[in-house]
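Engineer: What follows is a predicted structure for the sequence shown.
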Amino acid sequence: MPFIEILGVITQEIVNMFGCELPEGKAAIGPIKVTRRVRNFDLNSCVQQISEKDTHQKYKMSDRLNSRVKSERRRIVELEDDLGSANSKCRELSRQLRDANEANDALTRETNSLRARAAVAGDRRFMSLRDMRRIGSIDLLTRGNGV
């Protein structure tokens, strides 16, 4: 196989492999004698088309990546806002829980105090009048004064 035919076959394989398009008049490279200048032009145009496609693909990819970065940044900002509101709700609920615990403690103390007073009052019911005079009256219990 002569050198020119081999070169034509290789050129055609490059064209097929990279999807280059040769000018119409030069598409039939093969057994036809092609000058060195035409071969170089065909290969150079093929390389140029490949580099243009590669540049275009890289541009599209970078554009997609930039849009993805922007959307992720927006998502981060939204998540930070949600986190801030969740922390605020948590602090508010903690305050409410603390207040409820304090109220519960106060009511527990009052309940225990009332139970103790009721126990003392119950004991006084069975005491005689003479014993009552020694202890004192039960007026404080009925009025709700004292602890």
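Structural biologist: Looks like it arrived, so ask away. The structure presented is a predicted model; accordingly, all values stated were derived computationally and were not measured. Residues are numbered from 1 along each chain as shown.

Engineer: Counting by contacts, list what the longest helix along the chain packs against.
Structural biologist: Determined from DSSP state H, the single longest helix within the chain is helix 36-125. On a contact count with 3 or more CB pairs under 8 Å, 6 or more residues apart in numbering; DSSP states H and E, helix 36-125 meets helix 3-18, helix 139-143. Quick note: C-beta positions are derived from backbone N, CA and C, even for glycine.

Engineer: mean pLDDT lowest for which of those helices?
Structural biologist: When the helices and strands packed on helix 36-125 are compared on mean pLDDT, helix 139-143 scores lowest, with a mean of 51.

Engineer: low pLDDT regions in this protein?
Structural biologist: For the chain, the stretches flagged by pLDDT under 70 are 1-7, 14-43, 122-147.

Engineer: do that again at 50, thanks
Structural biologist: Residue ranges of the chain with pLDDT under 50: 26-34, 143-147.

Engineer: which parts of stretch 48-58 are buried?
Structural biologist: Using 16 or more other CB atoms under 10 Å as the test for burial, stretch 48-58 gives Gln49.

Engineer: Stretch 63-80 now?
Structural biologist: Going through stretch 63-80 with 16+ other CB under 10 Å, nothing comes out buried.
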